[in-house]
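[1] Attaching a predicted model along with its sequence, questions to come.
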Amino acid sequence: MKHFLLKWIISTISIAIVVELLPGIQFDSFTSLLLTSLFLGIIGPFLRAIMILFTLPLLLLSFGLIYFVINGIILYIASGLIPGFSIDSFWAALLASLLISMAVTLINWLIKDNRKRVVVYRD
């Protein structure tokens, strides 16, 4: 639960940063930002898995670049489902998905846990 909460906070911060950078994405309220982040964290992986399954040949041929298109589609779907969240075009969603991925990666890198963990198995 703690790990999911941390990922949700990181995702929310990343989306908020991207919204400030891109003019084609708008949130009416902080609640819609939180709902979008929650949607991308819970529903997004299921949609992503289904879309990857159907686009696997393209994913392999594009060396994984289609993954950003899939993320853009999921973000565009979220804008249609969540009230108070709008994206002007698919290209804005595609660019936003790329920037969100970069922001999440950067934030995760900055706060990564460097502690070593020792696991003891008992018979």
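    Now that the structure is in, tell me what you want to look at.
[2] only C-alpha atoms for contact and neighbour calcs from this point on.
    Fine.
[3] Show me what the helix or strand residue 73 falls within is packed up against.
    According to DSSP states H and E, residue 73 maps onto helix 66-81. Secondary-structure packing of helix 66-81 (3 or more Cα pairs under 8 Å, 6 or more residues apart in numbering; DSSP states H and E): helix 30-54, helix 56-61, strand 85-87, helix 90-110.
[4] Touching it from outside, list them.
    Applying Cα atoms under 8 Å, 6 or more residues apart in numbering, the external contacts of helix 66-81 come out as 36, 39-40, 44, 47-48, 51-52, 58-59, 85-87, 90, 93-98.
[5] What subset of those residues is buried?
    36, 39-40, 44, 47-48, 51-52, 59, 85-87, 90, 93-98 (16 or more other Cα atoms under 10 Å).
[6] how many other residues sit next to residue 13?
    19 (other Cα atoms under 10 Å).
[7] how about residue 97, what does it touch?
    Applying Cα under 8 Å, 6+ apart, we find residue 97 in contact with 68, 71, 72, 75.
[8] who touches the residue nearest the centre of the chain in this structure?
    In the chain, the centroid-proximal residue (Cα atoms, centre = their mean) is residue 40; its distance is 5.5 Å. By Cα under 8 Å, 6+ apart, residue 40 lies in contact with 74, 75, 78.
[9] Perfect, that will be all.
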